[in-house]
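Engineer: Let's see this in three dimensions:
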Amino acid sequence: MRELFPPTPLQRNAHLSERYGAEIWLKREDLSPVRSYKLRGAMNAMRKQLSRAPERKKFACASAGNHAQGVAYLCRHFDVRGVVFMPVTTPQQKIAKTRIFGGDNIEIVLTGDYFDDTLHSAQEFCRREEAHFLAPFDDPDVIGGQATVAVETLDQMPRPPDMIVLPVGGGGLAAGVRGVFVHAAPETAFRFAEPAGGASFRAALEAGHPVTLEKVDSFVDGAAVARVGAAPFSALSDVLPAHVVPCPEDRICVTILDMLNTEGIVLEPAGALAVDALEDLREDLRGRTVVCVTSGGNFDFERLPEVKERAQRFSGVKKYFILRMPQRPGALREFLDLLGPDDDIARFEYMKKSARNFGSVLIGIETSRPENFSTLVARLEQAGFIYRDITGDETLSEFIV
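Structural biologist: Predicted coordinates for the structure are as follows:
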């Protein structure tokens, strides 16, 4: 690894330590050359493959994010040919970054609307061209590369931590890091964080084998997988399901903003998982030394408005209502007079309808404290306004918010 980059920093975070009454340290994988830990596993897998078959200098992968960038970086490092298959829907920012890392050593192929289609194309290419497929997590060599996170962590601390919190997607990082600690520091406890909308690891533990989720929320795109890897699961099958924390996607948005605004640390949704899980682990943390692995920082700032929106709704300081508004002069003024000094209208859509006494208004309101909505609702009811709170209605929210 030292041919590629120095050890990523292990930093004590005063903000989180004070909040949770513990010694919280961050293993900053978001500060690797490709801003994620994925470089480690891809490097180990590519290096070993080249040592086994030096004549096979063509590699391929399927990824829309961190794995693609890691593979591209390594194709240039080892001066080998790589073909990176990405879904057609991949943002241009990620495509451009992958191309920058790989330069003339890689070819990017955009194919498939969904990742499964992209994966099939990459594997078919490898069979046809006799190229080596670099799996993102379900490969012993990849797991071995991710294990270097644990080796560095042990070297950087005077004694092993009391607990490590790891993000889980396909499971390669979790399997690698835990495997090292089981032998080198078995007294260290482990907790695992996965997105609530893609909790394939916990589902596998409860079933006793990997299972495929019927539905996955893709917001945490670096960790939302429908099925945990078979190789990682075999190394993690003895983990207690209670030790896996499902992190709500909207709360992860709160964590992303908190780390950005308070600490100046840019984390992608998957990179914020371990920090977000601390909220559910609060009772287990007090007085202990805890390491959180911040696994990635490839955050597309075009997503920032969505992240802020979801964070505000989760925190209870933003709500959406459908309001029945009387179609008469002065009705809007009456409504505005009900708003408190900290209530701000963030969205207002009204269409006057002929031959009706009432019209419908979509209104979004931001405020400073969640309690302010209790006061506003009481005023609405006292004034006789009919309303419907649609903040928690997923179908309506996706359509109109």
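Engineer: hey, where'd the helices end up in the stretch 301-401 of the chain?
Structural biologist: 304-315, 331-336, 371-383, 394-400 (DSSP state H, counting those that start in this stretch).
Engineer: Just give the nearest non-adjacent residue to Asn105, would you?
Structural biologist: Using C-beta to C-beta, 6 or more residues apart in numbering and skipping the chain neighbours, the partner closest in space to Asn105 is Cys75 (4.2 Å). Just so you know, the C-beta spots here come from the backbone N, C-alpha and C atoms, and that holds for glycine as well.
Engineer: again with Asp342
Structural biologist: Per C-beta to C-beta, 6+ apart, closest to Asp342 is Ser368, 4.1 Å.
Engineer: coming back round to it: so which of the helices of the stretch 301-401 of the chain gets nearest Ala235?
Structural biologist: Closest approach to Ala235 among the helices of the stretch 301-401 of the chain (C-beta to C-beta): helix 304-315, 32.7 Å.
Engineer: Quick one: residues in contact with the closest one.
Structural biologist: Residues from elsewhere that reach helix 304-315 (C-beta atoms under 8 Å, 6 or more residues apart in numbering): 248-251, 253-254, 256-257, 318-319, 366, 370, 391, 401.
Engineer: so where is the chain shaky, pLDDT-wise?
Structural biologist: The chain contains residues with pLDDT under 70 at 351-356, 397-401.
Engineer: domain ranges for it?
Structural biologist: 10-36+141-308, 57-130, 316-400 (automatic domain parsing).
Engineer: want to throw the ones you listed into JSON lines with mean neighbour count and distance to Met1?
Structural biologist: Shown next, in JSON lines, are these (neighbours: other C-beta atoms under 10 Å; distance: least, C-beta to C-beta, whole Å):
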{"stretch": "domain 10-36+141-308", "mean neighbour count": "20", "distance to Met1": "5"}
{"stretch": "domain 57-130", "mean neighbour count": "19", "distance to Met1": "11"}
{"stretch": "domain 316-400", "mean neighbour count": "14", "distance to Met1": "42"}
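Engineer: I'd like those domains laid out as JSON lines, including distance to Arg47.
Structural biologist: JSON lines is the format used below for these (distance: least, C-beta to C-beta, whole Å):
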{"stretch": "domain 10-36+141-308", "distance to Arg47": "8"}
{"stretch": "domain 57-130", "distance to Arg47": "8"}
{"stretch": "domain 316-400", "distance to Arg47": "44"}
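Engineer: closest one to Met46 among these?
Structural biologist: Evaluated with C-beta to C-beta, the domains of the chain place domain 57-130 nearest to Met46, the distance being 5.2 Å.
Engineer: For the contacts of helix 304-315, give me a markdown table that also has distance to Asp238.
Structural biologist: Formatted as a markdown table, the contacts of helix 304-315 follow (distance: C-beta to C-beta, whole Å):
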| residue | distance to Asp238 |
| --- | --- |
| Pro248 | 27 |
| Glu249 | 28 |
| Asp250 | 32 |
| Arg251 | 28 |
| Cys253 | 33 |
| Val254 | 32 |
| Ile256 | 32 |
| Leu257 | 36 |
| Lys318 | 42 |
| Lys319 | 44 |
| Glu366 | 46 |
| Pro370 | 41 |
| Thr391 | 41 |
| Val401 | 43 |
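Engineer: In strands, which of those appear?
Structural biologist: Using DSSP state E, 318-319, 366 are the members of the contacts of helix 304-315 that sit in strands.
Engineer: out of those residues, which one sits closest to Glu124?
Structural biologist: Distance to Glu124, by C-beta to C-beta, is smallest for Lys318 among these, at 46.0 Å.
Engineer: and the closest one, what does it touch?
Structural biologist: Residues in contact with Lys318 (C-beta under 8 Å, 6+ apart) are 309, 312, 346, 364-367, 391.
Engineer: which pair in those spans the largest distance?
Structural biologist: Glu309 and Thr367 (14.6 Å).
Engineer: At which residues are the helices of the stretch 51-200 of the chain located?
Structural biologist: Secondary structure of the stretch 51-200 of the chain (DSSP H, counting those that start in this stretch): helices at 66-78, 92-102, 115-129, 140-146, 148-156, 172-184, 200-207.
Engineer: Adding distance to Ser237, write the ones you listed out as CSV.
Structural biologist: Formatted as CSV, these follow (distance: least, C-beta to C-beta, whole Å):
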stretch, distance to Ser237
helix 66-78, 24
helix 92-102, 33
helix 115-129, 24
helix 140-146, 14
helix 148-156, 19
helix 172-184, 10
helix 200-207, 7
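Engineer: which one of these lies closest to Leu339?
Structural biologist: Among the helices of the stretch 51-200 of the chain, helix 92-102 sits nearest to Leu339 (C-beta to C-beta), with 38.7 Å.
Engineer: Distance from the chain centre to that closest one, please.
Structural biologist: Offset of helix 92-102 from its chain centre (C-alpha atoms, centre = their mean, to the nearest Å): 20 Å.
Engineer: Begin at 6 from now on, thanks
Structural biologist: Sure, I'll start counting at 6 from here, so that last one is helix 97-107.
Engineer: what does it rub up against?
Structural biologist: Residues contacting helix 97-107 (C-beta under 8 Å, 6+ apart): 39, 69-70, 73-74, 76-78, 80-81, 87, 89, 91, 111, 113, 115, 303, 305, 307.
Engineer: Please tabulate the ones in strands among the contacts of helix 309-320 in JSON lines, including the columns distance to Thr267.
Structural biologist: Compiled in JSON lines, the ones in strands among the contacts of helix 309-320 are given as follows (distance: C-beta to C-beta, whole Å):
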{"residue": "Lys323", "distance to Thr267": "20"}
{"residue": "Lys324", "distance to Thr267": "25"}
{"residue": "Glu371", "distance to Thr267": "20"}
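Engineer: just curious, which of those residues is nearest to Leu385?
Structural biologist: Nearest to Leu385 among the ones in strands among the contacts of helix 309-320, counting by C-beta to C-beta, is Lys324 at 11.8 Å.
Engineer: residue contacts, the closest one?
Structural biologist: Neighbours of Lys324 in contact, by C-beta under 8 Å, 6+ apart: 318, 369-370, 378, 394, 396.
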